[in-house]
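S.K.: this one's structure only:
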């Protein structure tokens, strides 16, 4: 995938939010992301042949079964066993991460947006569903918190996809749905030739609007009383929205350029996220 599901590593877009958590939750989130990084590396490191990668992913499917049976055999899952004592992490989310990453073993090509959603549900929404259980919530119903996690997962991954169009082309991957291209009057061949045309701008504008909608729908799912607990997610949302707006402001120049924000702007967005979560709108 073009960027692994949000990592709590120093320098990542999630690191500022990670720092806001108490130690127990930081350790739990770190264990979850160690698992996500491991699964992603099986597919994306480039060191393994497809058959070997599939064999390792099958091992991890069985290992998740062993984890939930209280008999993990790997150091990463043993660490997760400690997390499961304190947090109700959904087993299906761990398996969804494997399913989503496995999709990248074949050349990425998505005919419809619904097919892309299936991929994003695996590589991004799965992490969100685990993360919200660690962050904690008291007022939002479980079905709404799941939708919150999913919509933010879609939004983060769509932001990654828009930002990394050129980088993905270098790896032979096209995540932009062909139905969206056709609607905009663009084509896969034009994309591979890196043609920045008015049709490409229409395509990007449409995907930009879809992504903005995911951020807003996610926020609408959350009871306002749970916003402070979801501060880490909101910090990431503010930062990623900043990246998305920068891409649009500079004319969707993503075919040869990967947008990034300086640290001071990330800090500014983190502060705005804190204000938002505590009811101060700026």
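M.R.: The structure has been received and is ready for your questions. Being a predicted model, the structure only gives us computed values, none of them experimental. Numbers count the residues shown, from 1 in each chain.

S.K.: C-alpha from now on. contacts and neighbour counts both.
M.R.: Will do.

S.K.: could you list the low-confidence segments of the stretch 1-150 of the chain?
M.R.: 1-14 (pLDDT under 70).

S.K.: and the stretch 151-282 of the chain, by the same measure?
M.R.: For the stretch 151-282 of the chain, the ranges with pLDDT under 70 are 282.

S.K.: go with 80
M.R.: 281-282 (pLDDT under 80).

S.K.: can you pull the buried residues of stretch 77-93?
M.R.: Going by neighbour count (16 or more other CA atoms under 10 Å), the buried part of stretch 77-93 is 77, 79, 80, 81, 83, 87, 89, 93.

S.K.: in helices, which of those appear?
M.R.: 77, 79, 80, 81, 83, 93 (DSSP state H).

S.K.: most widely separated two among these?
M.R.: 79 and 93 (16.7 Å; CA to CA).

S.K.: ok, now how distant is the residue at minimal distance from the centre of the chain from residue 101?
M.R.: Nearest to the mean C-alpha position of the chain, counting by CA atoms, centre = their mean, stands residue 124 at 3.6 Å. From residue 124 across to residue 101, the span is 10 Å (CA to CA, to the nearest Å).

S.K.: isn't residue 117 up against residue 154?
M.R.: Yes - under the criterion of CA atoms under 8 Å, residue 117 makes contact with residue 154 at 7.3 Å.

S.K.: which one of the two has more residues nearby?
M.R.: Neighbour count, other CA atoms under 10 Å: between residue 117 and residue 154, residue 154 has more, with 27 against 19.

S.K.: ok now the helix or strand where the more buried one lies, how far from the chain's centre?
M.R.: For residue 154, the host element (DSSP states H and E) is helix 142-163. For helix 142-163, the separation from the chain centroid amounts to 7 Å (computed by CA atoms, centre = their mean, to the nearest Å).

S.K.: and for stretch 94-108?
M.R.: Using CA atoms, centre = their mean, the distance from the centre of stretch 94-108 to the centre of the chain it belongs to is 13 Å.

S.K.: also stretch 195-215?
M.R.: The answer for stretch 195-215 is 19 Å, by CA atoms, centre = their mean.

S.K.: list the buried ones in that stretch?
M.R.: Result for stretch 195-215 [16+ other CA under 10 Å]: buried residues 196, 199-205, 207-208, 211-212, 214-215.

S.K.: residues contacting it, please?
M.R.: 151-152, 154-155, 158-159, 162, 180-181, 183-186, 237, 241, 244, 248, 251-252, 255 (CA atoms under 8 Å, 6 or more residues apart in numbering).

S.K.: ok, stretch 50-59 next?
M.R.: Defining contact as CA under 8 Å, 6+ apart, one finds that stretch 50-59 is touched by 39, 42, 43, 98, 102, 105.

S.K.: from the chain's centre, how far out does the helix or strand following the helix holding residue 154 sit?
M.R.: Per DSSP H and E, the first helix or strand lying C-terminal to helix 142-163 is helix 165-170. Per CA atoms, centre = their mean, the displacement of helix 165-170 from the mean C-alpha position of its chain is 18 Å.

S.K.: from what I can see residue 147 touches residue 219, true?
M.R.: No - look at residue 147 against residue 219 with CA under 8 Å: they stay out of range, at 9.7 Å.

S.K.: tell me the contacts of the residue lying closest to residue 173 once chain neighbours are set aside?
M.R.: Counting by CA to CA, 6 or more residues apart in numbering, residue 108 is the residue found nearest to residue 173 once chain neighbours are left out, at 5.0 Å. If a contact means CA under 8 Å, 6+ apart, then residue 108 has 172, 173, 174, 175 as its contacts.

S.K.: which one of those is nearest residue 28?
M.R.: Closest approach between the contacts of residue 108 and residue 28, by CA to CA: residue 175, at 30.9 Å.

S.K.: isn't that closest one right next to residue 161, touching?
M.R.: Yes - assessed by CA under 8 Å, residue 175 is found in contact with residue 161 at 6.7 Å.

S.K.: from residue 124, how far out is residue 181?
M.R.: Taken as CA to CA, the span from residue 181 to residue 124 is 23 Å.

S.K.: now residue 265
M.R.: 24 Å.

S.K.: export the buried residues of stretch 195-215 to CSV and tack on distance to residue 59?
M.R.: Below are those laid out as CSV (distance: CA to CA, whole Å):
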residue, distance to residue 59
196, 43
199, 44
200, 41
201, 43
202, 43
203, 39
204, 39
205, 41
207, 36
208, 38
211, 34
212, 37
214, 34
215, 35
